[in-house]
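Engineer: Sharing a model that was predicted from the sequence below.
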Amino acid sequence: MAIASNAPFSEWKQTFADPRLRTAIVDRVTFNAYIVETGTGSYRFAQSQKKQRRR
């Protein structure tokens, strides 16, 4: 299973307001997992911004 997010774990409190739920989700998602951090920038967003600037 792969899960992608533009937000680091430290910002998940904005998505999952309940601390117990957030802890349970992070615990289950990260147990025996490989976490690959690629940055928080969005390639698609950057490309759409470039297209808009050309117009």
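Structural biologist: Received the coordinates, thanks.
Engineer: So what's the gap between the worst-scoring helix or strand of the chain on mean pLDDT and the chain middle?
Structural biologist: Every helix and strand in the chain was compared by mean pLDDT, DSSP states H and E; the lowest is helix 43-54, with a mean of 84. Relative to the centre of its chain, helix 43-54 is centred 20 Å away, using CA atoms, centre = their mean, to the nearest Å.
Engineer: For it, name the packing helices and strands.
Structural biologist: Packed against helix 43-54, as judged by 3 or more CB pairs under 8 Å, 6 or more residues apart in numbering; DSSP states H and E, are no other helices or strands. Where you see a C-beta, it was placed from the backbone N, CA and C, and this is true even at glycine.
Engineer: could I get stretch 3-23 in PDB with only the CA atoms?
Structural biologist: The C-alpha trace of stretch 3-23 is given here as PDB (Å, rounded to 0.1, in the frame of the first residue of the first chain):
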ATOM      1  CA  ILE A   3       0.000   6.700   0.900                       C
ATOM      2  CA  ALA A   4       1.000  10.100  -0.400                       C
ATOM      3  CA  SER A   5       0.600  13.400   1.300                       C
ATOM      4  CA  ASN A   6       1.900  16.900   0.700                       C
ATOM      5  CA  ALA A   7       1.800  17.400   4.500                       C
ATOM      6  CA  PRO A   8       4.400  16.100   6.900                       C
ATOM      7  CA  PHE A   9       3.200  14.100   9.900                       C
ATOM      8  CA  SER A  10       3.600  17.300  12.100                       C
ATOM      9  CA  GLU A  11       0.800  19.000  10.000                       C
ATOM     10  CA  TRP A  12      -1.700  16.100  10.100                       C
ATOM     11  CA  LYS A  13      -3.300  17.700  13.100                       C
ATOM     12  CA  GLN A  14      -5.000  20.100  10.700                       C
ATOM     13  CA  THR A  15      -6.600  17.200   8.900                       C
ATOM     14  CA  PHE A  16      -7.200  14.900  11.800                       C
ATOM     15  CA  ALA A  17      -8.300  17.200  14.700                       C
ATOM     16  CA  ASP A  18      -8.900  14.400  17.300                       C
ATOM     17  CA  PRO A  19      -5.500  13.600  18.800                       C
ATOM     18  CA  ARG A  20      -6.400  10.000  19.600                       C
ATOM     19  CA  LEU A  21      -7.600   9.300  16.100                       C
ATOM     20  CA  ARG A  22      -4.500  11.100  14.600                       C
ATOM     21  CA  THR A  23      -2.200   9.000  16.800                       C
END
